[in-house]
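# With the sequence up front, the predicted model follows.
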Amino acid sequence: MTPADLLTDAFGRLPDLAHGAADGLDDDRLVLRPSLPDGAGRGNPVAWLLWHSARVWDDHVAGVAGVLDPSSVAAEQVHTAEGYAERLDLPLPVTDIGYGHDDEHVAAVRAPSGLLLEYLDAVAARSAAWLPTLTADALDTVVDEDWEPPVTVGTRLVSVLGDVTQHLGQAAYVRGLLLG
């Protein structure tokens, strides 16, 4: 198995996690936020977790693809290239990926699960087409020098996998709270 095969397989598992997390939730439950019994905190709703997962995945994979080959179709985000920014019609900047969102921003993410999942599936399809083109040497290409050590393609992709997996796990947990 090559590194590209491994990454393709790992990213290919994410859509099933997303679909499972949304299964059985109507649009009203999709935006419910779990709260602590004493009201001291609120968690993120499934809708926000799905959107954020797709946005981070889309943004970061397009970013590394753009460093490796700026002319690649994978270098353009699905969010804008395939019209999801317009279709989701969220009151957020088109470049927003959800990092640092406060309660107001989280509450602004309201969209039908079908559309959120369609967007995430489109990101998955773009990744599935691009990831097999990666060479082992490409994984060592630096994509962000603002960190010490600098972030490589491989490090960025593993980071995206960890972040998206964690958020989709949170979405599944919230779904469990909502459906019992």
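Sure, I can see it. Numbers count the residues shown, from 1 in each chain.

# Can I get stretch 81-92 as PDB, trimmed to CA atoms?
Extracted in PDB, the C-alpha atoms of stretch 81-92 (Å, rounded to 0.1, in the frame of the first residue of the first chain):
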ATOM      1  CA  ALA A  81     -16.300  26.000  -7.600                       C
ATOM      2  CA  GLU A  82     -19.400  23.900  -7.400                       C
ATOM      3  CA  GLY A  83     -21.800  26.600  -6.000                       C
ATOM      4  CA  TYR A  84     -22.200  25.300  -2.500                       C
ATOM      5  CA  ALA A  85     -21.500  28.800  -1.000                       C
ATOM      6  CA  GLU A  86     -24.500  30.100  -2.800                       C
ATOM      7  CA  ARG A  87     -26.700  27.100  -2.300                       C
ATOM      8  CA  LEU A  88     -26.000  27.000   1.500                       C
ATOM      9  CA  ASP A  89     -26.600  30.700   1.600                       C
ATOM     10  CA  LEU A  90     -25.100  31.200   5.100                       C
ATOM     11  CA  PRO A  91     -24.600  34.700   6.600                       C
ATOM     12  CA  LEU A  92     -20.900  34.100   6.800                       C
END
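
# Begin at 261, not 1, for the rest of this chat.
All right, first residue 261 from here; so that's stretch 341-352.

# Tell me which residues are up against it.
Contact with stretch 341-352 is made by 311, 333, 338-339, 354, 356, 365, 368-371, 375-376, 378-379, 382, as judged by C-beta atoms under 8 Å, 6 or more residues apart in numbering. Bear in mind the C-beta positions are built from the backbone N, C-alpha and C, glycine included.

# same check, this time on stretch 295-304
293, 294, 312, 363, 366, 430, 434.

# Next: stretch 263-273.
Here stretch 263-273 makes contact (C-beta under 8 Å, 6+ apart) with 317, 384, 387-388, 391-396, 399, 414, 417, 421.

# And it, what's buried?
263, 264, 267, 268, 271 (16 or more other C-beta atoms under 10 Å).

# Please report the distance of the fourth one from residue 388.
Looking back up the chat, that one is residue 268. Per C-beta to C-beta, to the nearest Å, residue 268 is found 6 Å from residue 388.

# What is the lowest-pLDDT residue among the contacts of stretch 341-352?
The weakest per-residue confidence within those falls on residue 333 (87).

# what about the helices in the protein?
For the chain, the helices defined by DSSP state H cover 263-272, 274-282, 287-290, 306-328, 338-341, 344-348, 363-368, 373-390, 413-439.
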